[in-house]
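S.K.: here's a sequence, model it:
(one chain, ligands or ions: 1)
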Amino acid sequence: MLNYGSGKDGGMIFQPAYIHASLGDTVTFIPTHSGHNAQSYVVPKDAKQWKTPLDKEYTVALDQEGIHLYYCPPHLMMGMVGVIQVGEAKNLSLVEKKAPRLRAKMALKPERIDALLANIQVP
Ligand SMILES: [Cu+2]
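M.R.: Residues are numbered from 1 along each chain as shown. Next up, the predicted model:
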């Protein structure tokens with residue numbers, strides 16, 4: 001979780017913002033810069049919604065296949081969103097249905113969500 005990254009990504013970002021993980025992996029959110037956290041918006045079927053504490057490291061266990069679409073509550077408006085794909089993209093239709101509602105709250109860089117979703121691998 002960064003205020004700024006290296007190069008072209010601009011400000012207020014998760015780095016990496018797209019992760020393709022395997023079932024059983026974990027993802028740890030690290031607050032490199034302060035003032036960020038992460039909260040799930042869509043999770044795979046049977047997975048629990050999650051929310052990382054502000055400015056604290058937090059690990060999410062990836063125990064269901066599908067896509068996690070998440071955002072930083074303080075910086076959603078600035079386009080701070082991320083995607084974790086766990087195995088197969090089993091809940092892609094739900095993600096595609098809900099993404100526009102999240103995108104509508106992104107005043108800056110709404111195209112980021114489209115670029116992230118374009119990474120999703122469908123067999
Ligand atoms: Cu943030």
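S.K.: ok, the residue nearest to A38 when sequence neighbours are not counted - how many residues close by?
M.R.: Beyond its immediate neighbours in the sequence, the residue positioned closest to A38 (C-beta to C-beta, 6 or more residues apart in numbering) is T52, lying 4.7 Å away. Just so you know, the C-beta spots here come from the backbone N, C-alpha and C atoms, and that holds for glycine as well. Per other C-beta atoms under 10 Å, the neighbour tally for T52 reads 22.
S.K.: for the spatially most central residue of the chain, list the residues it contacts.
M.R.: Nearest to the mean C-alpha position of the chain, by C-alpha atoms, centre = their mean, lies G82 at 2.3 Å. Neighbour list for G82: 14, 17-19, 38, 69-71, 116 [criterion: C-beta atoms under 8 Å, 6 or more residues apart in numbering].
S.K.: which one of the residues you listed has the most neighbours?
M.R.: Y70 (28 neighbours).
S.K.: so what's that residue up against?
M.R.: Counting by C-beta under 8 Å, 6+ apart, Y70 has contacts 38-41, 50, 81-84.
S.K.: reformat these as TSV; add pLDDT.
M.R.: Converted to TSV, these look like this (pLDDT from 0 to 100):
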residue	pLDDT
A38	98
Q39	98
S40	98
Y41	98
W50	98
V81	98
G82	98
V83	98
I84	98
